[in-house]
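Student: From the sequence below, what's the structure:
(2 chains)
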Amino acid sequence: QKEVEQDPGPLSVPEGAIVSLNCTYSNSAFQYFMWYRQYSRKGPELLMYTYSSGNKEDGRFTAQVDKSSKYISLFIRDSQPSDSATYLCAMSERGDDKIIFGKGTRLHILP
Amino acid sequence: EAQVTQNPRYLITVTGKKLTVTCSQNMNHEYMSWYRQDPGLGLRQIYYSMNVEVTDKGDVPEGYKVSRKEKRNFPLILESPSPNQTSLYFCASSFRGASHGYTFGSGTRLTVV
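Tutor: So this is what the prediction gives:
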């Protein structure tokens, strides 16, 4: 079983819709969870990070962690064409440990 | 502007010809790391450094070298490049540790023929 699994997509949704992106993982020791956005021909950009379980909100973005299910989600409200990108989940056991990345989900927001 | 700068952005080279990809950050970050990104394989860590003169192997270190003589610079060295090192390379840095998020450079697309 891969350590971090993420559906590669592509996921196409109409502008204004709520987008749900997800990752599952197998290592119960993961405590730090991150979401990155990567535009074509650019480096990944940190969107959000959370520690342990719970929700975190930042503008139109909400990150959710369910450690009991080993499942994390990123919700995007009022999606815009500028949100079209690849979204990578990432996680780590300790604050100074290496990060394990998912392979990314390609998202297309249709005008 | 706070950033991680990689050079060159694009590079085509021949098998066996030594090359260096430079990386510099202006944020006084302690943590720096190199990743390669390949289709279907995602981002894989090559080497990382937690401070000056402290480096450690990531998941795919074979064929690569790094050094961290100054806090701001973390060059990636390919002593004898091979075609399987054709990839998109990213340098990244972090102030509070890897799990509080890295700032990534814009990438170096390397082709080895």
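
Student: Poorly predicted segments of the chain, please.
Tutor: Assuming you mean chain A. Applying pLDDT under 70 to chain A picks out residues A:1-2, A:95-97.

Student: looking at chain B here, not the other one
Tutor: Using pLDDT under 70, chain B drops low at B:98.

Student: so who does the spatially most central residue of it touch?
Tutor: Nearest to the mean C-alpha position of chain B, counting by CA atoms, centre = their mean, stands residue B:34 at 3.0 Å. When contacts are counted by CB atoms under 8 Å, 6 or more residues apart in numbering or on different chains, residue B:34 touches B:23, B:45-48, B:58, B:64, B:66, B:74, B:76, B:89-92. C-beta: built from backbone N, CA, C; applies to glycine.

Student: and it, what are its bridge partners?
Tutor: Taking DSSP bridges as the rule, residue B:34 bridges to residue B:47, residue B:91.

Student: With the one 4 residues further on instead?
Tutor: Bridge pairing for residue B:38 (DSSP bridges) gives the partners residue B:42.

Student: ok, back up a step: name the nearest of the contacts of residue B:34 relative to residue A:79.
Tutor: For these, the minimum distance to residue A:79 (CB to CB) is 26.2 Å, reached by residue B:90.

Student: who's in contact with the residue nearest to the closest one when sequence neighbours are not counted?
Tutor: Distances taken as CB to CB, 6 or more residues apart in numbering or on different chains put residue B:35 closest to residue B:90, at 4.7 Å, once the chain neighbours are dropped. Going by CB under 8 Å, 6+ apart, residue B:35 touches B:43, B:44, B:45, B:46, B:58, B:89, B:90, B:91, B:92.

Student: Repeat that for residue B:87.
Tutor: Going by CB under 8 Å, 6+ apart, residue B:87 touches B:36, B:37, B:38, B:110.

Student: now residue A:43: how far from residue A:69?
Tutor: 31 Å (CB to CB, to the nearest Å).
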